[in-house]
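Visitor: predicted model and sequence below, questions to follow.
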Amino acid sequence: MHTIEINFNNLDFWQEHIPNHVMALGFFDGLHKGHREVIKTAKEVAIAKQLPMSVMSFFPHPKSVLSNGKEQVDYLMPLDEKKRVLESLGVDFFFIVEFNLLFASLSPQQFVSDYLVNFGVVHAVCGFDYTYGYKGIGNTSRLREDSNFCIEVKEVQCVKFFGQKISSTAIRNSLNAGKLQEVQKLLGKPYEVKWHRYEGLLPQYTVPKPGVYFVTLESKCGSYSCNIKVLQNRELHITSNKLENCKLLTIRWHYKVEEESCMATS
Ligand SMILES: Cc1cc2nc3c(=O)[nH]c(=O)nc-3n(C[C@H](O)[C@H](O)[C@H](O)COP(=O)(O)O)c2cc1C
Ligand SMILES: Nc1ncnc2c1ncn2[C@@H]1O[C@H](COP(=O)(O)OP(=O)(O)OP(=O)(O)O)[C@@H](O)[C@H]1O
């Protein structure tokens, strides 16, 4: 998979060098079941058309840029992890567009013309609620028209869990409430973070609310299941010394064992 960072300075260059392809559109934080359905659908279209397939996402999150940094976004995964998962899903090109105020002010038609039509997109795939362009006024029902009918559009229906749309926001809320089993159902797998023995939690991961959790720790030295504590400042307290020689751990979260209120007395 080729990862290409796009900004206003290199846009012309890439417009000339990217082959015709099928694109999946969206931010895709956490790559949950809904996101995977969009990417799977794009991959199927690409295979049928014998074309490469891409994902176009942005960085940083529109919310943090549009609030001038006042609204902090708790990412579910850093870009490197997103790259790793996208590659495993068969994505050929991962475009990361620099999201800044100038980009945010593009009209829906400008975005579609410069970043889709002139970018070699012949078929776009997005979820039913994908939005684009200034104030997010572009939506899937006008995407084909905004491209002057140059690209085909496939809209993916809502993937739900107990009648509710699966979303990155719902997953962040469940994480913040310590509902790790619910998070697992929405993601389709246990939530994972990377933790360094000296540096702590790696950037752009979110940890659940304070409490005691049953997790699996995985490292080059092996894997081991135990309880760990999330402290008030969202720091992790890992008492197990089984993997003490390993600096970098993947923590796979299973369920909450104890509430924060019980921790104080235990
Ligand atoms: C060119 C462009 C301009 C955008 N401008 C705005 C904006 O002014 N306000 C806003 O809230 N979101 C804006 N967005 C963000 C989108 O509404 C949307 O959140 C983003 O494309 C990710 O889509 P998704 O949330 O469906 O994954 C813009 C997106 C694009 C592509
Ligand atoms: N549950 C879902 N079912 C189908 N498509 C989805 C679902 N969730 C997101 N998508 C689609 O996946 C792409 C990426 O969406 P986005 O990153 O906005 O995810 P989200 O989970 O809705 O995030 P947020 O909660 O921050 O709005 C978009 O095309 C969007 O329409």
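Guide: All right, it came through fine. Ligands and ions are numbered 1, 2, ... in the order given.
Visitor: where does the chain get nearest to ligand 1, which residue?
Guide: Using Cβ to the nearest ligand atom, the point where the chain gets nearest to ligand 1 is residue 136, with a distance of 2.8 Å. In short, each C-beta sits where N, CA and C put it, glycine included.
Visitor: just give me the neighbour total for the residue nearest to residue 103 when sequence neighbours are not counted.
Guide: Once flanking residues are discounted, residue 103 sits nearest to residue 97: 6.7 Å by Cβ to Cβ, 6 or more residues apart in numbering. Other residues near residue 97 number 18, with proximity taken as other Cβ atoms under 10 Å.
Visitor: for the closest residue to residue 248 other than its chain neighbours, give me its contacts.
Guide: On the basis of Cβ to Cβ, 6+ apart, the spatially nearest residue to residue 248 that is not a chain neighbour turns out to be residue 196, at 5.6 Å. For residue 196, the set of contacting residues under the criterion of Cβ atoms under 8 Å, 6 or more residues apart in numbering consists of 202, 247, 248, 249.
Visitor: who is residue 196 paired with across the strands?
Guide: Per DSSP bridges, residues listed as beta-bridge partners of residue 196: residue 200, residue 248.
Visitor: how near is it to residue 236?
Guide: Computed as Cβ to Cβ, to the nearest Å, the residue 196 to residue 236 distance reads 11 Å.
Visitor: up against ligand 1, what does the stretch 51-200 of the chain have?
Guide: Within reach of ligand 1 by Cβ under 6 Å from any ligand atom, the stretch 51-200 of the chain has these residues: 62, 66, 103-104, 106, 111, 130-136.
Visitor: okay, domains of the chain per the record?
Guide: The record, using automatic domain parsing to delimit domains, assigns the chain the ranges 2-161, 167-265.
Visitor: mind checking the end-to-end distance for the first one?
Guide: The first and last residues of domain 2-161 sit 33 Å apart, counting by Cα to Cα, to the nearest Å.
Visitor: one step back: which of the contacts of residue 196 ranks first by neighbour count?
Guide: Sorting the contacts of residue 196 by how many neighbours each has (other Cβ under 10 Å) puts residue 249 first, at 24 neighbours.
Visitor: that residue contacts residue 221, doesn't it?
Guide: No: in this structure, residue 249 is not within contact of residue 221 by Cβ atoms under 8 Å, at 9.3 Å.
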